[in-house]
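Asker: return a 3D structure for these sequence lines:
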Amino acid sequence: MQLKGSDANNRPCVVRADGEKLGGSAAQNWCFLRLLPILVGPRIKNPLEDQVWQLCLKLREIVEIACAPKIHTNQVAYLKLLVEEYLESRATVFSDHPFKPKHHFLLHYPDLIIKFEIILNLIPSSPVSVHNSTWMSTFSVPWEKMHESLKRCLAQTKRPKAADRRHMVRVIAEAKTLTLTLNPPFRQCTELAKRIVDTYPESFEDRTEEGERLGNGHFTLSKQLRTRIEFLNRDNTLTRLRKPKQLLTATNEEMPGPSTKCAKTDSYGCVNWQPLGLPEELLTIFSQEGPRAAEHRRVGELMSLTYEPQRRDINATPPPTLLDLERQWPFLFIPNFLLQHFCTLTGIEIQARLRESLSGKGKRMLQYFKSQALKWKKEVRTVLCHLERHFEEVDPGLPAMLVLMAYFRENEDAIFLLADETSTPADVEAQISLPSTPRLIMLGDTILGATRWMLFIEGRVILHSDADFPAALAVFFGSFYVFNIEYPEEAATSLEFVQRFFVRINPEQSKCAAKFQTSKSTGKKVQRKNQSLNPHVAALIQDFIEYDWQNT
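Answerer: The predicted model follows:
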């Protein structure tokens with residue numbers, strides 16, 4: 001028999017004369033059942049009296065109704081009758097073959113069809129909808145159901161243990177008012193988390209090791225609540241109303257170019273972003289003496305006095321290229337003055353802070369990873385093994401950065417590039433072709449063994465030095481803020497961790513505004529979520545603080 005369409009793709013398997021059951025997939029057997037009257041119907045001698053044949057026809061009719069895309073309510077009653085007759089006939093015809101669980105399930109099909117129809121009709125019309133927002137106005141946190149140890153922590157303004165916090169999240173998520181709201185969106189979980197954190201900030205607010213607020217302060221609790229609610233709804237497909245991630249197609253594969261206006265992230269984390277006042281001595285001094293004039297006291301004074309016009313030129317629309325900025329402000333491309341500008345911009349002496357953080361926190365962070373080596377994925381274990389074998393005495397800052405990038409599954413070349421120790425800026429510019437975002441060129445045999453470094457932006461080496469790694473990281477990180485550069489998507493998580501954990505700049509939102517990112521599981525371009533705090537960064541910070549507290 002020649003089959004066409006979907007039947008050709010689901011051609012039934014060959015039926016063997018000595019076989020006890022049909023082979024093939026469900027689709028193949030469905031096709032076989034539909035075609036059976038055509039295949040063997042004419043060969044049945046007494047079809048109305050043949051009980052096996054009548055049983056096959058009843059089963060065929062049941063399957064056709066159950067698998068139909070749409071049926072009338074009246075057909076449900078007929079389906080119920082067919083199922084009951086089929087099971088009674090089977091018990092008589094095949095008395096030596098007991099029923100299986102699926103035969104019992106078949107009895108429930110008609111009732112379940114009616115119940116699902118009622119639910120689907122209620123969802124668009126019920127006042128308590130999937131995304132009902134009225135529950136927030138009446139919901140009260142059931143504090144009386146919490147552990148006594150958590151209540152004591154709240155009374156004493158202490159942070160509760162992780163187990164008590166998890167129990168609190170479970171109690172809230174399972175509360176009756178929440179169960180009536182099938183799938184509250186993340187913004188409603190955020191509103192509830194904010195209410196809890198505002199009531200007990202000392203106990204629940206997201207904070208750094210130094211006690212500074214992390215992001216908006218309630219992101220972690222919001223995520224915990226949302227995750228628990230999703231877990232409770234895991235078997236309820238009616239509550240899964242989220243949009244799937246959007247893959248890049250041929251029409252949107254081209255990434256959008258840079259905006260002609262200053263982006264919102266330009267002022268991200270800054271306290272003096274666009275001030276208002278201009279001496280013109282600086283260009284004259286630089287033209288006469290070059291970079292060595294940076295040591296003059298007068299140059300330092302002038303760079304402080306001209307902060308306002310520097311910001312005005314950097315913030316101009318359309319944004320200037322770094323080459324244009326370097327022609328206007330050549331001393332800004334010398335490490336000391338770039339860091340001085342960053343300090344005025346953000347209120348942070350970044351080199352001193354990074355030096356202190358990397359020597360203290362960086363060392364403890366390495367110990368955190370080393371003490372739980374078997375817990376981590378292959379990428380982290382590989383970096384740890386390499387450090388253990390070859391660089392036991394190296395300063396902890398750079399190894400900590402490499403381990404963090406492995407943990408966040410971001411490639412080293414998203415921040416660090418290796419070049420020969422004898423390379424000049426011209427050599428590097430000729431050999432390396434990269435995106436416009438900053439990279440640190442490490443000069444040496446290995447990244448960990450580098451003795452000099454260069455800062456590479458917009459296809460050019462804009463400065464170079466033989467200072468140590470904290471100074472290199474300070475200049476590299478500071479350039480994103482001084483020159484209004486967004487974090488590149490491929491290194492956004494590691495840079496946000498540096499920002500929040502080491503530098504301690506903790507505004508809401510992210511300095512990476514990319515709309516798409518590369519999925520670390522599939523390697524495909526997917527739509528990037530715009531979140532107030534990177535959940536991977538928040539989770540690592542909280543886990544480290546808890547580990548550090550337990551082991552000190």
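
Asker: and Q288, how many neighbours?
Answerer: For Q288, the count of nearby residues is 8 (other C-beta atoms under 10 Å). C-beta coordinates here come from the backbone N, C-alpha and C atoms, glycine included.

Asker: phi, psi of Q517?
Answerer: Per-residue torsions, Q517: phi -140, psi 160 (degrees, to the nearest 10).

Asker: brain fart, K363
Answerer: phi -70, psi -40.

Asker: report the contact partners of it.
Answerer: 396, 400 (C-beta atoms under 8 Å, 6 or more residues apart in numbering).

Asker: got the confidence number for it?
Answerer: The model reports K363 with a pLDDT of 90.

Asker: and it, how close does it get to V383?
Answerer: Using C-beta to C-beta, to the nearest Å, K363 is found at 16 Å from V383.

Asker: before we move on, what about E281?
Answerer: 49 Å.

Asker: with neighbour numbers in mind, choose between the two.
Answerer: A direct count of neighbours by other C-beta under 10 Å for E281 and V383 places V383 higher, at 20 against 13.

Asker: tell me the contacts of that one?
Answerer: 399, 402-403, 406.

Asker: kindly indicate which of those lies nearest K161.
Answerer: Checking the contacts of V383 against K161 with C-beta to C-beta, the nearest one is V403 at 27.3 Å.

Asker: element containing that closest one?
Answerer: If you go by DSSP states H and E, V403 is part of helix 397-407.

Asker: list phi and psi for the nearest residue to T321 once chain neighbours are set aside.
Answerer: In space, T321 comes closest to E458 once its chain neighbours are excluded; the distance is 6.6 Å by C-beta to C-beta, 6 or more residues apart in numbering. When read as degrees, to the nearest 10, the backbone of E458 gives phi 50, psi 40.

Asker: give me the neighbour count for the spatially closest residue to A514 that is not a sequence neighbour.
Answerer: Spatially, and ignoring its direct neighbours in sequence, A514 is nearest to E489 (4.0 Å; C-beta to C-beta, 6+ apart). If you count neighbours by other C-beta under 10 Å, E489 ends up with 20.

Asker: ok, now P435?
Answerer: Using other C-beta under 10 Å, P435 has 12 neighbouring residues.

Asker: in which helix or strand would I find it?
Answerer: Using DSSP H and E, no helix or strand contains P435.

Asker: from L448, how far out is it?
Answerer: Remark: distance between P435 and L448 (C-beta to C-beta) = 24 Å.

Asker: ok, now A66?
Answerer: 65 Å.

Asker: F456 too?
Answerer: 19 Å.

Asker: ditto for A513
Answerer: 32 Å.

Asker: could you do F333 as well?
Answerer: Noted for F333: a distance of 27 Å to L448, by C-beta to C-beta.

Asker: picking up where we left off before, between F456 and L448, which has more neighbouring residues?
Answerer: Each of F456 and L448 has its neighbours counted (other C-beta under 10 Å); F456 has more, 25 against 18.

Asker: wait, doesn't that one sit right on D427?
Answerer: No - using C-beta atoms under 8 Å, F456 is not in contact with D427, being 12.0 Å away.

Asker: so where do the strands sit in this structure?
Answerer: Remark: strands assigned in the chain by DSSP state E are 416-419, 439-443, 452-457, 460-465, 516-518, 525-527.

Asker: dump those to TSV, plus mean pLDDT and distance to T552.
Answerer: What follows is these, written out as TSV (pLDDT from 0 to 100; distance: least, C-beta to C-beta, whole Å):
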stretch	mean pLDDT	distance to T552
strand 416-419	92	31
strand 439-443	93	32
strand 452-457	92	33
strand 460-465	89	35
strand 516-518	81	36
strand 525-527	81	40
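
Asker: now tabulate those strands in a markdown table and tack on distance to E88.
Answerer: As requested, the strands of the chain are exported to a markdown table (distance: least, C-beta to C-beta, whole Å):
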| stretch | distance to E88 |
| --- | --- |
| strand 416-419 | 75 |
| strand 439-443 | 76 |
| strand 452-457 | 80 |
| strand 460-465 | 85 |
| strand 516-518 | 59 |
| strand 525-527 | 53 |
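
Asker: nearest to L82, of the ones you listed?
Answerer: strand 525-527 (46.0 Å).

Asker: packing partners of the closest one?
Answerer: strand 516-518 (3 or more C-beta pairs under 8 Å, 6 or more residues apart in numbering; DSSP states H and E).

Asker: for the strand it packs on, packing partners?
Answerer: If you count contacts as 3+ C-beta pairs under 8 Å, 6+ apart, strand 516-518 packs onto strand 525-527.

Asker: can you give me the buried ones in the strand it packs on?
Answerer: For strand 525-527, the neighbour count (16 or more other C-beta atoms under 10 Å) marks 525-526 as buried.

Asker: quick check, distance from that strand to the centre of its chain.
Answerer: 11 Å (C-alpha atoms, centre = their mean, to the nearest Å).

Asker: who touches the helix holding V403?
Answerer: Contacts for helix 397-407 (C-beta under 8 Å, 6+ apart): 354, 358-359, 361-363, 365-366, 369, 376, 379-380, 382-384, 387, 391, 411-412, 414-416, 447-448, 469-470, 473, 491, 494, 497-498, 540.

Asker: and what of stretch 322-332?
Answerer: By C-beta under 8 Å, 6+ apart, stretch 322-332 touches 282-283, 286, 291, 293-294, 299, 303, 306, 310, 313-314, 320, 333, 337-338, 341, 457-458, 460, 462, 482-483.

Asker: now do the buried residues in it.
Answerer: 322, 325-326, 329-332.

Asker: just the buried ones among the contacts of stretch 322-332, please.
Answerer: 282, 286, 293-294, 299, 303, 306, 310, 313-314, 320, 333, 337-338, 341, 457, 460, 462, 482-483.

Asker: okay, and which of these map to helices?
Answerer: If you go by DSSP state H, these have 282, 286, 299, 303, 310, 313-314, 337-338, 341, 482 in helices.

Asker: which one of those is nearest R504?
Answerer: V482 (17.9 Å).

Asker: tell me how far the residue lying closest to E117 once chain neighbours are set aside lies from V63.
Answerer: The shortest distance from E117 to any non-neighbouring residue, by C-beta to C-beta, 6+ apart, is to T73 (7.6 Å). Distance from T73 to V63, counting by C-beta to C-beta: 20 Å.

Asker: higher neighbour count, the two?
Answerer: V63 (14 against 9).

Asker: give the contact list for the residue lying closest to the more buried one once chain neighbours are set aside.
Answerer: Distances taken as C-beta to C-beta, 6+ apart place L33 nearest to V63, at 6.0 Å, with adjacent residues excluded. By C-beta under 8 Å, 6+ apart, L33 lies in contact with 56, 59-60, 63.

Asker: mind checking which of those are in helices?
Answerer: Short answer: the contacts of L33 in helices (DSSP H) are 56, 59-60, 63.

Asker: was I right to think I65 contacts L82?
Answerer: Yes - I65 lies in contact with L82 (C-beta under 8 Å); the separation is 7.4 Å.

Asker: tally of neighbours for N29?
Answerer: Using other C-beta under 10 Å, N29 has 17 other residues around it.

Asker: got the contact list for it?
Answerer: 12, 22 are the contacts of N29 under C-beta under 8 Å, 6+ apart.

Asker: one more time with 10 Å
Answerer: N29 makes contacts with 10, 12-13, 21-23, 63, as judged by C-beta atoms under 10 Å, 6 or more residues apart in numbering.

Asker: most neighbours of all those, which one?
Answerer: P12 (23 neighbours).

Asker: quick one, grab the pLDDT at that one.
Answerer: Per-residue pLDDT puts P12 at 85.

Asker: distance of it relative to I65?
Answerer: 21 Å.

Asker: identify the contacts common to F456 and D427.
Answerer: Joint contacts of F456 and D427 (C-beta under 10 Å, 6+ apart) are A419.

Asker: now do the closest residue to T190 other than its chain neighbours against M442, distance only.
Answerer: Using C-beta to C-beta, 6+ apart and skipping residues adjacent in sequence, the residue nearest T190 is S222, 4.4 Å away. Distance, S222 to M442, by C-beta to C-beta: 39 Å.
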